[in-house]
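In: From the sequence below, what's the structure:
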Amino acid sequence: MKYEPTTKLLINNEWVKAKDGATFETIDPATEMPICSVPRGRAADIDAAVQAAHAALSGPWGQMTPFERGRMLNKLADLIERNRERLAYLERIDVGKPVAEALGDMNGVAGCFRYNAGATDKMEGATIPLGQNFVDYTSLEPIGVTGHIVPWNYPLGMAARSLAPALAAGCTAVLKPAEQSPLTALAFGELCIEAGLPAGVVNIVTGYGEEAGDALVRHPLVRGVTFTGSVETGRKVYLTAAAGIKPVVLELGGKNPMIVFEDADIDRVTTDALDASFGNSGQVCSSSSRYLLHKSIKEEFLTQLEKKVAGLTVGMPADNPTLGPLVSKEQYEKVMGYIEQGRRDGAKIRFGGGRPAGLNRGYFVEPTVFANVNMSMRIAREEIFGPVLGVFKWNNEAKMLAEVNQVEYGLTASIWTNDLSTAHRTAMAVEAGFVWINEVGKHFLGAPFGGFKRSGLGREECFEEMLSFTQEKNIHVRLKPVKA
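Out: Numbering: from 1, shown residues only. Predicted coordinates:
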């Protein structure tokens, strides 16, 4: 079934054009054809959205009890589930997700809102014992208007990941979706209105990062910012927010290792590796893109992996393949450039490395594995963000761990061994914010997700994230003494 996209900004629960009337096209990456045009929001539109969000803090939203907020967020989750087919369709045409993957993402969006809805009345303060003549206690209050700049790889999933806890904490929000993937965010805005969220609580402004995104971070009424994307852009967001003394949550990517010891279950590892490295066509911050294989099992591992990769399909998203296209021409050229760079640097393509046969249009790339990779190569150190991985062999554990920690990223890692001591020792040694042992790629609401080093700041998908949208107030009372 075909669904028509929404093509206006959502400001104060009203659908409006950009103030200057400017628009831009969003492109279907599978066909390279325009889908529709959406408003090109700029500073004036961001200001209108932020002003609406600020006013909403003192309106009905600010007067709701935490329980009432939770009930409203649960209603929003119901609507997301009810409209999952439409949302999945829009995400499929906007970013090239296969049908099953897009539907699964929508289940995750609904689950995220349910998790946070259940915590609205559990963000508690504390009492501080200062003696019988005093009462001293703390309360957690929403920080205010929050700005959310989200990426294109999981357009609505990433929006939900930061919006849900901000709303649960009682904040209001302005969402700036990626210019490559605005359609599900706008459709989500319709559901916010249907769920009964008061005017101004959620505002959605489509546009470019250097215009709308920058204006959102700079706005003096925005009190907190979340951003997911590149290190380069994240650094700009961080510096801009710092000028306004604003807290930020940053998730800035990864070059994530899969460390395989000689006693690992190779069949299990190679099976899980398919989704861990090639899911969403490798366009995942936590994707496993470096395989560090013990030399005794390297060839057996690669032989099994190659057989399993041969069973993957690459094709049009509507046909529900394993891999769809990359999101844009820019991303396609970047990934193909890395493949060519790997060849020039002397890495050996074990399989893949080009455009799939029969797909002469669209931004499609074969699942690609490089062998004979070393740390002097760019493909060993830099995030490619496509279905491309590099294989290293190792024999000395200490040297292997030094290579693991040599890159500037520290988002995730996975460790594969049946030896408990080895597993824990390695997990403690790896510089990463999230480590799987004998599993990879799974996210669980309640388990803090975030990175070390240049992979970012803060934690998401957990209760700690909700607290990041609050500010703590201490209230001190001196009691009147009892007269003798």
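In: Count the residues that sit near the spatially closest residue to residue 85 that is not a sequence neighbour.
Out: Closest residue in space to residue 85, ignoring its immediate chain neighbours: residue 1 at 6.9 Å, by Cβ to Cβ, 6 or more residues apart in numbering. Heads up, the C-betas are built off the backbone N, CA and C, glycines and all. Residue 1 is flanked by 5 other residues according to other Cβ atoms under 10 Å.
In: Check which element follows the longest helix along the chain along the chain.
Out: Counting by DSSP state H, the longest helix found in the chain is helix 99-117. On the C-terminal side of helix 99-117, the closest following helix or strand by DSSP states H and E is strand 127-128.
In: And for the helix or strand following that following strand, what's in contact with it?
Out: Toward the C-terminus, strand 127-128 is succeeded by strand 134-142 as the next helix or strand (DSSP H and E). With Cβ atoms under 8 Å, 6 or more residues apart in numbering as the contact definition, strand 134-142 has outside contacts at 57, 123-130, 169-171, 467, 469-479.
In: Drop anything exposed from those.
Out: Buried members of these, counted by 16 or more other Cβ atoms under 10 Å: 57, 123, 169, 170, 171, 467, 469, 470, 471.
In: Walk me through the domains of the protein.
Out: The record's domain parsing of the chain by automatic domain parsing lists 9-252+455-473, 256-444.
In: Turn these into JSON lines, columns for distance to residue 484.
Out: JSON lines is the format used below for the domains of the chain (distance: least, Cβ to Cβ, whole Å):
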{"stretch": "domain 9-252+455-473", "distance to residue 484": "14"}
{"stretch": "domain 256-444", "distance to residue 484": "59"}
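In: So which of the ones you listed is nearest residue 483?
Out: With distances scored as Cβ to Cβ, the stretch of these nearest to residue 483 is domain 9-252+455-473 (13.5 Å).
In: Kindly check the end-to-end length of that closest one for me.
Out: Taking Cα to Cα, to the nearest Å, domain 9-252+455-473 runs 35 Å from one end to the other.
In: can you give me the offset of that domain from its chain's centre?
Out: 12 Å (Cα atoms, centre = their mean, to the nearest Å).
In: What's the mean pLDDT across the longest helix of the chain?
Out: Per-residue pLDDT over helix 99-117 has a mean of 97.
In: so what does that helix touch, helix or strand wise?
Out: Contacts defined by 3 or more Cβ pairs under 8 Å, 6 or more residues apart in numbering; DSSP states H and E place helix 99-117 against helix 66-82, helix 84-95, helix 155-168.
In: Other residues contacting the second one?
Out: Contact with helix 84-95 is made by 1-3, 5, 26, 28-30, 35, 80, 97-99, 102-103, 105-107, 109-110, 152-153, 155-156, 180-184, 187-188, 317-318, 324, 327, as judged by Cβ under 8 Å, 6+ apart.
In: Out of the residues you listed, which end up buried?
Out: Among the contacts of helix 84-95, those that count as buried by neighbour count (16+ other Cβ under 10 Å) are 5, 26, 28-30, 35, 80, 97-99, 102-103, 105-106, 109-110, 152-153, 155-156, 180-184, 187-188, 317, 324, 327.
In: Next up, phi/psi of residue 326, please.
Out: phi -70, psi 170 (degrees, to the nearest 10).
In: so what's it closest to, chain neighbours aside?
Out: The shortest distance from residue 326 to any non-neighbouring residue, by Cβ to Cβ, 6+ apart, is to residue 363 (4.3 Å).
In: sec struct for that neighbour, please.
Out: Going by DSSP: H, G, I helix; E, B strand; the rest coil, the secondary structure assigned to residue 363 is coil.
In: what's around it, how many residues?
Out: 26.
In: Same check on residue 47?
Out: Using other Cβ under 10 Å, the number of residues around residue 47 comes to 17.
In: again with residue 113
Out: Neighbours of residue 113 (other Cβ under 10 Å): 27.
In: my guess is it meets residue 78, correct?
Out: No: with contact defined as Cβ atoms under 8 Å, residue 113 does not count as touching residue 78 (9.2 Å).
In: which stretches of the stretch 201-350 of the chain form helices?
Out: Using DSSP state H, counting those that start in this stretch, the helices of the stretch 201-350 of the chain run over residues 214-218, 231-243, 266-278, 298-309, 329-344.
In: which residues sit against the second one?
Out: Okay, so that is helix 231-243. For helix 231-243, contacts defined as Cβ under 8 Å, 6+ apart pick out 149, 209, 213-214, 217-218, 225, 227, 247-248, 250, 252-253, 408, 454, 456-457.
In: Strands - which of those residues land there?
Out: Taking DSSP state E as the definition of strands, the contacts of helix 231-243 contribute 149, 225, 227, 248, 250, 456, 457.
In: what's the closest of these to residue 63?
Out: Checking the ones in strands among the contacts of helix 231-243 against residue 63 by Cβ to Cβ gives residue 225 as the nearest, at 25.8 Å.
In: who are the neighbours in contact with that closest one?
Out: Each residue near residue 225 by Cβ under 8 Å, 6+ apart is listed here: 146, 147, 148, 149, 216, 217, 237, 241, 246, 247, 248, 249.
In: Make sure I have this right: the second one is in a strand.
Out: Right, the one you point to is residue 147. Yes: per three-state DSSP, residue 147 lies within a strand segment.
In: Residue 221 is in contact with that one, correct?
Out: No: with contact defined as Cβ under 8 Å, residue 147 does not count as touching residue 221 (9.8 Å).
In: any shared contact partners between the two?
Out: residue 50.
In: so which helix or strand takes in the residue nearest to residue 156 when sequence neighbours are not counted?
Out: Among residues not flanking residue 156 along the chain, residue 184 sits closest, at 4.1 Å (Cβ to Cβ, 6+ apart). Taking DSSP H and E as the definition, one finds residue 184 inside helix 183-195.
In: Tell me what angle that helix forms with helix 155-168.
Out: Taking axes from the mean of the first three to the mean of the last three Cα atoms, to 10 degrees, one finds helix 183-195 and helix 155-168 inclined to each other by 40 degrees.
In: which other helices and strands contact helix 183-195?
Out: The contact analysis (3+ Cβ pairs under 8 Å, 6+ apart) places helix 183-195 against strand 9-11, strand 33-39, helix 66-82, helix 84-95, helix 155-168, strand 202-204.
In: what do you get if the cut-off is 7 Å, keeping everything else the same?
Out: Under the contact criterion of 3 or more Cβ pairs under 7 Å, 6 or more residues apart in numbering; DSSP states H and E, helix 183-195 touches helix 66-82, helix 84-95, helix 155-168, strand 202-204.
In: hmm, who's touching the first one?
Out: It stands for helix 66-82. For helix 66-82, the external contacting residues (Cβ atoms under 7 Å, 6 or more residues apart in numbering) are 87, 106, 109-110, 113-114, 116-118, 120-121, 164, 167-168, 170, 191-192, 194-197.
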